[in-house]
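Trainee: Got a sequence here, can you build the structure:
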Amino acid sequence: MKTNIKFFLFLWLPLFAAAQQSIPDSLKRLLINAKDDSTRYEICGELSNFYIEKEIDSALVFIEQSLLIVRKDRKRLNEASSLIGKGLLLRHLGRYPESLQCHMEAFEIASDPESEKNFWTLPYFMFSADNSPKSSRLIVLANLHMGMANLFIRIGNTELLTYHFGEARRIGEETNANIFLYYLYATMGIAYRNLNKLDSALVIEQKALSLSKQFGYKFNVSRVLAYIGEINLARGNIEAAREFYHEGLQAGYEELNYVSLVIIYFGLAKSFIAENEKDSSLYYAKKAKEVLEKVGSLAGTIWNPATAYENLFLVYKLRNETDSAYKYIGLAMHAKDSLNNHRIKSSAQFQDLFLREQLRLKELEKDRIRFRNRVRTYTLLAGIGVLLLMAVIFYRNNRQKQKAKIRIEKAYDELKSTQSQLIQQEKMASLGELTAGIAHEIQNPLNFVNNFSELSNELINEMNEEIDKGNTEEVKTIAGDIKQNLEKINHHGKRADAIVKGMLQHSRTSTGQRELTDINALADEYLRLAYHGLRAKDKSFNATLQTDFDKTIRKINIIPQDIGRVILNLINNAFYAVTEKRTQQPDGFEPAVSVSTKKINDKVEIRIRDNGNGIPQKVLDKIFQPFFTTKPTGQGTGLGLSLAYDIVKAHGGELKVETKEGEFAEFVISIPSKESV
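Mentor: I've put the predicted structure just below:
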């Protein structure tokens, strides 16, 4: 079965190559016919990505072209993106100082928020979840951190590579950049494998594989599978390693990914060497060498040739083929010497450039500190100036506030005086409405007084006659009648006196003193006075008066003038409502006004209801506002309900209304009764 897989991959390799070859030709034709720089930039990036692991020199040519385009059009964020690509290629070529220079230039651009204001679409592996300008710039920064980490892997600086990987991961996760995280996890995994942190490496690579399956990524999957195979091999799990290697082989040929193929072939060779499998280890070692030779000058950039020679040495040593073993160990030593010399030279140049850059950054930091200190000093001086100015302003404002306070107090006193006058005017207006009713009410007891006085006078004359006649019994009878008349005169005189006192009490300014008051009597008194007052003005008016007084209510402690004013105002409003409805519906409408009292727990409830037109819903929220009235101009001040509301509130009670438009309105006064006796 394994032989069949090998044969299949070997047979189809040229066909894959042919299919892949058509891609750059198509892109080059598009580049020639491109009509704008944005399209040219995008195509150059695609060509560079295509050649990156096939013909690295061609990849470098196209990334340089993209840099020329974006610099000409001043697309700073795209310039940073292209510098990252160039730094990656230079790193593959072992030109570490130049790679570092590209990354530092890109960092300077991407760290500036101004770069996100105007840019073209970035490569697909720099996409974020929302693709906002800020997120795009952050993903460029994340790619820079990943590039720096990969650079420090080559230099061997574990501390810095860990820092840069951490920053790249943080930004990628914050921006939900799944494509970037896919690449990052793949790179991080193999880095941790090289640091011999095998458990962490395996977890991270599996995250990359999970992202590829979750989002359907088909690119570079062979690399992830190859890395997972490498980690399993390092952990001693040869069987699992081979499963991932074989799966990676198929993906590698589909992608035509030479790096993945070399890694996998070397890995398979090592796995068979570990088991002393002579034939299989030789087969895969030769396949790895063939792929390296096929890519020519790219070989040294994607894999250390010394490793290939060492594998072949181990294979031939295993097979006891001494001549071939000595040949490849010699080649391995020569390749290592060349590589070490190159690394030493590159590392020295890198360290020199890195040191100079660190010194430059320190000088910049010193300049920033000096500038920050100057700014801080100027800010402090400006702050002192502002404080002095504010002190002057506050002093001036304080003086103005004192003057304003005096004016406000004066205006408040005038307002209170005006309010008292308005209340008194409202009282006198209601008193005027009561005048006719009072006159009608007082007329009855006065008629009784006059009639009984005249009758008593006649009885005295009769009694004198009977005295002259000496009729003692008749005299006593007449005297008894006179006594009854005097009692009636006294009763009706007190009645008239009570009416006059009530009128005077209503007209007086309230003392604010609470008195024990019979609320039923108070409500009944004002109902009759209001009704007779209206009848005196309009003889044709008739209304059904209904009362329902709770006899269990004892006297309650209230200011009688004030509560009486509230009841009178609400009764007058009720009569006005039924009068208005009678004019609109002269036939079939019978005006009715009812007054009732009821004790509910610790409160006394007074309800005044009429069967008028009710209150429109649109004005219901306004009826207790001062000066609001629905009466025609000249017929109401708009203060009655407002004053009534305030009086009830001052008694610790509540005034509310229940109404249905076109049918009725009922005002409910609720006041505490806990002080009743």
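Trainee: Break this protein down into its domains, please.
Mentor: By the assignment in automatic domain parsing, the chain contains the domains 363-507, 515-672.
Trainee: I'd like the distance between residue 658 and residue 620.
Mentor: Per CB to CB, to the nearest Å, residue 658 is found 10 Å from residue 620. Glycine gets a C-beta too; all of them are placed from N, C-alpha and C.
Trainee: if we can go back for a sec, take the domains of the chain and lay them out in a markdown table including mean neighbour count.
Mentor: Shown next, in a markdown table, are these (neighbours: other CB atoms under 10 Å):
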| stretch | mean neighbour count |
| --- | --- |
| domain 363-507 | 13 |
| domain 515-672 | 17 |
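Trainee: least reliable of the ones you listed going by mean pLDDT?
Mentor: Across those, domain 363-507 has the smallest mean pLDDT, namely a mean of 72.
Trainee: Nearest to residue 199, out of the domains of the chain?
Mentor: Of all the domains of the chain, domain 363-507 sits nearest to residue 199, with 38.6 Å by CB to CB.
Trainee: number of nearby residues for the closest residue to residue 255 other than its chain neighbours?
Mentor: In space, and not counting its chain neighbours, residue 255 is closest to residue 222: 5.4 Å by CB to CB, 6 or more residues apart in numbering. Neighbours of residue 222 under the rule other CB atoms under 10 Å: 24.
Trainee: Would you check that residue 222 makes contact with residue 262?
Mentor: No - using CB atoms under 8 Å, residue 222 is not in contact with residue 262, being 11.0 Å away.
Trainee: quick one, what contacts the residue nearest to residue 664 when sequence neighbours are not counted?
Mentor: Leaving aside its chain neighbours, residue 664 sits nearest to residue 611 (5.3 Å; criterion: CB to CB, 6+ apart). Listed by CB atoms under 8 Å, 6 or more residues apart in numbering, the contact set of residue 611 reads 578, 581, 590-592, 663-664.
Trainee: Which single one of those is nearest to residue 646?
Mentor: residue 664 (25.1 Å).
Trainee: so what's that closest one bridging to?
Mentor: residue 660 (DSSP bridges).
Trainee: Settle this for me: it is touching residue 614, isn't it.
Mentor: Yes - judged on CB under 8 Å, residue 664 makes contact with residue 614 at a distance of 5.8 Å.
Trainee: all strands of this protein, in order?
Mentor: For the chain, the strands defined by DSSP state E occupy 515-517, 544-548, 556-558, 592-600, 603-610, 654-660, 664-672.
Trainee: closest to residue 105 out of the ones you listed?
Mentor: strand 654-660 (76.9 Å).
Trainee: quick one: contacts for the spatially closest residue to residue 538 that is not a sequence neighbour?
Mentor: Once flanking residues are discounted, residue 538 sits nearest to residue 579: 7.6 Å by CB to CB, 6+ apart. Residues counted as contacts of residue 579 (CB under 8 Å, 6+ apart) are 534, 538, 541, 591.
Trainee: again, only this time at 10 Å
Mentor: Counting by CB atoms under 10 Å, 6 or more residues apart in numbering, residue 579 touches 534, 538, 541, 543, 591, 610, 612.
Trainee: Distance check, the nearest residue to residue 672 once chain neighbours are set aside against residue 515.
Mentor: Nearest residue to residue 672, sequence neighbours excluded (CB to CB, 6+ apart): residue 652, at 5.2 Å. Separation of residue 652 from residue 515 (CB to CB): 16 Å.
Trainee: Residue 657 now?
Mentor: The value you get for residue 657 to residue 515, if CB to CB is used, is 28 Å.
Trainee: which residues does the nearest residue to residue 109 once chain neighbours are set aside contact?
Mentor: In space, and not counting its chain neighbours, residue 109 is closest to residue 80: 4.1 Å by CB to CB, 6+ apart. The contact partners of residue 80, taken as CB under 10 Å, 6+ apart, are 70, 102-103, 105-112, 115, 119, 122, 126, 137, 140-141, 143-144.
Trainee: redo that, cut-off 8 Å
Mentor: By CB under 8 Å, 6+ apart, the contact set of residue 80 is 105-106, 109-110, 115, 140, 144.
Trainee: same question, residue 271
Mentor: Residue 271 makes contacts with 233, 238, 241-242, 245, as judged by CB under 8 Å, 6+ apart.
Trainee: pLDDT for those residues - can I get that in CSV?
Mentor: Converted to CSV, the contacts of residue 271 look like this (pLDDT from 0 to 100):
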residue, pLDDT
233, 92
238, 92
241, 92
242, 93
245, 93
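Trainee: which of these sit farthest apart?
Mentor: Most distant of the contacts of residue 271, by CB to CB, are 238 and 245, 10.1 Å apart.
Trainee: Between the two, which has more neighbouring residues?
Mentor: Higher neighbour count among residue 238 and residue 245: residue 245, with 26 against 16, using other CB under 10 Å.
Trainee: which other residues reach stretch 23-35?
Mentor: 39-40, 43-44, 46-47, 50-51.
Trainee: Keep only those of those that are in helices.
Mentor: Per DSSP state H, helices hold the following members of the contacts of stretch 23-35: 39-40, 43-44, 46-47, 50-51.
Trainee: Kindly indicate which of those lies nearest residue 63.
Mentor: residue 44 (7.1 Å).
Trainee: What pLDDT does the model give the residue found closest to that closest one once you drop the neighbours it is linked to in the chain?
Mentor: Nearest residue to residue 44 in three dimensions, chain neighbours excluded: residue 66, at 3.9 Å (CB to CB, 6+ apart). Note on residue 66: pLDDT of 91.
Trainee: Look up the closest residue to residue 478, ignoring the ones flanking it.
Mentor: Spatial nearest neighbour of residue 478, excluding adjacent residues (CB to CB, 6+ apart): residue 463 at 4.2 Å.
Trainee: so how far is residue 47 from residue 27?
Mentor: Going from residue 27 to residue 47 by CB to CB gives 5 Å.
Trainee: So for the two, which residue has more residues nearby?
Mentor: Neighbour count, other CB under 10 Å: between residue 27 and residue 47, residue 47 has more, with 23 against 17.
Trainee: how about that one, what does it touch?
Mentor: Residues counted as contacts of residue 47 (CB under 8 Å, 6+ apart) are 24, 27-28, 31, 58-59, 62.
Trainee: just the buried members of the residues you listed?
Mentor: Neighbour-count burial (16 or more other CB atoms under 10 Å) is assigned, among those, to 24, 27, 31, 59, 62.
Trainee: Sort the residues you listed by pLDDT and name the bottom one.
Mentor: pLDDT is lowest at residue 24 among the buried ones among the contacts of residue 47; the value there is 76.
Trainee: could you redo the strands of the chain as CSV and give each row distance to residue 285?
Mentor: Output for the strands of the chain, formatted as CSV (distance: least, CB to CB, whole Å):
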stretch, distance to residue 285
strand 515-517, 117
strand 544-548, 114
strand 556-558, 112
strand 592-600, 103
strand 603-610, 103
strand 654-660, 98
strand 664-672, 102
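Trainee: what number of residues lie near the closest residue to residue 204 other than its chain neighbours?
Mentor: Leaving out its chain neighbours, the residue that sits closest to residue 204 by CB to CB, 6+ apart is residue 189, at 4.1 Å. The local packing of residue 189 (other CB under 10 Å) involves 26 other residues.
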